[in-house]
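A.B. asks: Model the following, please.
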Amino acid sequence: MHIHYSSYFRTLAEAGEIAQRAERLGYDVVQHPERQHNPFLPSVLAADRTKRIGIATNIAVAFARSPMDTAYLAWDLQQFSDGRFALGLGTQVKGHITRRYSQPWSPAAPRIKEYVGAIRAIWDSWQNGAKLDFRGEHFTLNLMTPYFNPGPIQHPKIPIFVAAVGAIMAKTVGQVCDGLAWHQFHTLRYLQEVVVAGARAGALAAGRDPNTLQFHGAAFIATGATQADLERGREAVKKEIAFYASTPAYHPVLALHGWQDVGEKLHQMSRENKWDAMSNEITDDIVDAFAVTADYDHIAAMLKARYGPFASGVTFSIPVKTPADEERLAAIVKQIKA
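C.D. replies: Alright, predicted model coming up:
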């Protein structure tokens, strides 16, 4: 099982150094989310400053960009990194697409399916000289002159991962993508019964081998050296779970376990701006279902037991403040990969 490092930085200048450290610690992939920063720019710095580690966007917001723009970015990064890049995409929710990016919205699953197909058609035209003539409901791409064609590259097979929470998106990912990035807000039961099963069903429906699909993602983790560390970690996890659980889009995860009323109450509390009190609604049973709790000596085994049967990779880290912390993290990374 590969281990991924999610790169968070204050300024872009730090991204290359973070990637170097992740490579030194033994990570397999350094991934860049789209939060306060564009995820493609730090990927360039990571590729420039490293030699072995894989590089990925996890995720880049697809509907904020045209398929052509994304295709160029991924093509250049794949060539620059000597074949180490993976394109991780996500759809975001309607409010962000229409109000933050000022882009049109339509049902996400059919649109991302078409988006991935458009990107692959563009890459095929560059690598193999195929005529670009992609025509869909949302995207039409039929112009590619030699002046704008970057031409073939040495490693043209760029993996495409798409983030999925619900069953419909999971099935779509299985139909057209190389892999699925699961959301941190999940329980093991939901992940297995809805997300993984849905993606595999989609692959079968499309005539693809479901065993070729890859799955990776993050977990809520409470870990540390002492029992007090674990208790603090669980309190922090409660706040994160409450934040996500207040969003109706994530309520199907709760509903599977009979906790729909908790999500509805948290949603109402968020509308009343009662953010500080929301974690009080998250019981220990909910934390146990959503989070992995173990001390440093046992966290690797817990992650492998939970995700090993189906995952190709998992995202993990611990706070690093001293050289001893860095050594401990490197040891845990090694244990997870073993």
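A.B. asks: Now do the helices in this structure.
C.D. replies: 15-25, 40-49, 67-80, 94-95, 108-128, 167-176, 188-190, 197-205, 227-245, 251-255, 260-271, 284-290, 299-307, 323-337 (DSSP state H).
A.B. asks: Of those, flag the one that's most buried.
C.D. replies: With neighbours taken as mean count of other C-beta atoms under 10 Å, the helices of the chain reach their highest mean count in helix 167-176, at a mean of 23. Where you see a C-beta, it was placed from the backbone N, CA and C, and this is true even at glycine.
A.B. asks: okay, the angle between that one and helix 197-205?
C.D. replies: Angle, helix 167-176 to helix 197-205, by axes from the mean of the first three to the mean of the last three C-alpha atoms, to 10 degrees: 40 degrees.
A.B. asks: And the contacts of helix 167-176?
C.D. replies: Contact partners of helix 167-176, identified using C-beta atoms under 8 Å, 6 or more residues apart in numbering, comprise 91, 108-110, 112-113, 116-117, 162, 164, 179-180, 194-206, 208, 210, 213, 252.
A.B. asks: In contact with the closest residue to E137 other than its chain neighbours, which residues are there?
C.D. replies: With C-beta to C-beta, 6 or more residues apart in numbering as the criterion, E137 has its nearest non-adjacent residue at 6.6 Å, and that residue is E114. Each residue near E114 by C-beta under 8 Å, 6+ apart is listed here: G136, E137, H138, F139.
A.B. asks: What is the most widely separated pair among these?
C.D. replies: Spanning the widest gap among the contacts of E114 are E137 and F139, at 8.1 Å by C-beta to C-beta.
A.B. asks: So between those two, which is more surrounded?
C.D. replies: Between E137 and F139, counted using other C-beta atoms under 10 Å, F139 has the larger neighbour count: 17 against 9.
A.B. asks: Please look at that one and R65 and confirm they touch.
C.D. replies: No - with contact defined as C-beta atoms under 8 Å, F139 does not reach R65; the gap is 11.5 Å.
A.B. asks: thinking again about what came up before, tell me which of the helices of the chain approaches G217 most closely.
C.D. replies: Taking these one by one with C-beta to C-beta, helix 299-307 is closest: 8.4 Å.
A.B. asks: State the mean pLDDT of that closest one.
C.D. replies: Helix 299-307 comes out with an average pLDDT of 96.
A.B. asks: same thing with stretch 44-58?
C.D. replies: 98.
A.B. asks: Touching it from outside, list them.
C.D. replies: With C-beta under 8 Å, 6+ apart, stretch 44-58 has contacts from 2, 4, 6-7, 12, 15-20, 22-23, 27-34, 39-40, 43, 77, 80-81, 84-89, 161, 163, 181.
A.B. asks: Figure out the length between the terminal residues of that stretch.
C.D. replies: Chord length of stretch 44-58, first to last residue, is 14 Å (C-alpha to C-alpha, to the nearest Å).
A.B. asks: Please list all residues in contact with the residue nearest to E235 when sequence neighbours are not counted.
C.D. replies: Among residues not flanking E235 along the chain, S279 sits closest, at 7.3 Å (C-beta to C-beta, 6+ apart). The contact partners of S279, taken as C-beta under 8 Å, 6+ apart, are E235, K238, K239, I241, A242.
A.B. asks: Okay, now the unreliable bits of the stretch 151-300 of the chain?
C.D. replies: Within the stretch 151-300 of the chain, no range satisfies pLDDT under 70.
A.B. asks: can you rerun that using 90?
C.D. replies: 249 (pLDDT under 90).
A.B. asks: Show me the chain divided up by domain.
C.D. replies: 2-224+293-337, 225-292 (automatic domain parsing).
A.B. asks: The longest one: how far from the chain's middle?
C.D. replies: In other words, domain 2-224+293-337. Averaged C-alpha coordinates place domain 2-224+293-337 at 5 Å from its chain's average position (C-alpha atoms, centre = their mean, to the nearest Å).
A.B. asks: how close does H216 sit to G88?
C.D. replies: 9 Å (C-beta to C-beta, to the nearest Å).
A.B. asks: overlap in contacts of these two?
C.D. replies: F161, A181.
A.B. asks: And for D28, the neighbour number?
C.D. replies: D28 sits with 20 neighbouring residues when counted by other C-beta under 10 Å.
A.B. asks: Could I get the contacting residues of the nearest residue to it once chain neighbours are set aside?
C.D. replies: Excluding the flanking residues, the one nearest D28 by C-beta to C-beta, 6+ apart is H2, at 3.9 Å. Shown in contact with H2 (C-beta under 8 Å, 6+ apart): D28, V29, G54, H216, S312, G313, V314, K337.
A.B. asks: and the residue lying closest to the fifth one once chain neighbours are set aside, bridged to which residues?
C.D. replies: The one in question is S312. Excluding its sequence neighbours, the residue lying closest to S312 (C-beta to C-beta, 6+ apart) is Q214, at 4.0 Å. Here Q214 sits in beta bridges with G179, going by DSSP bridges.
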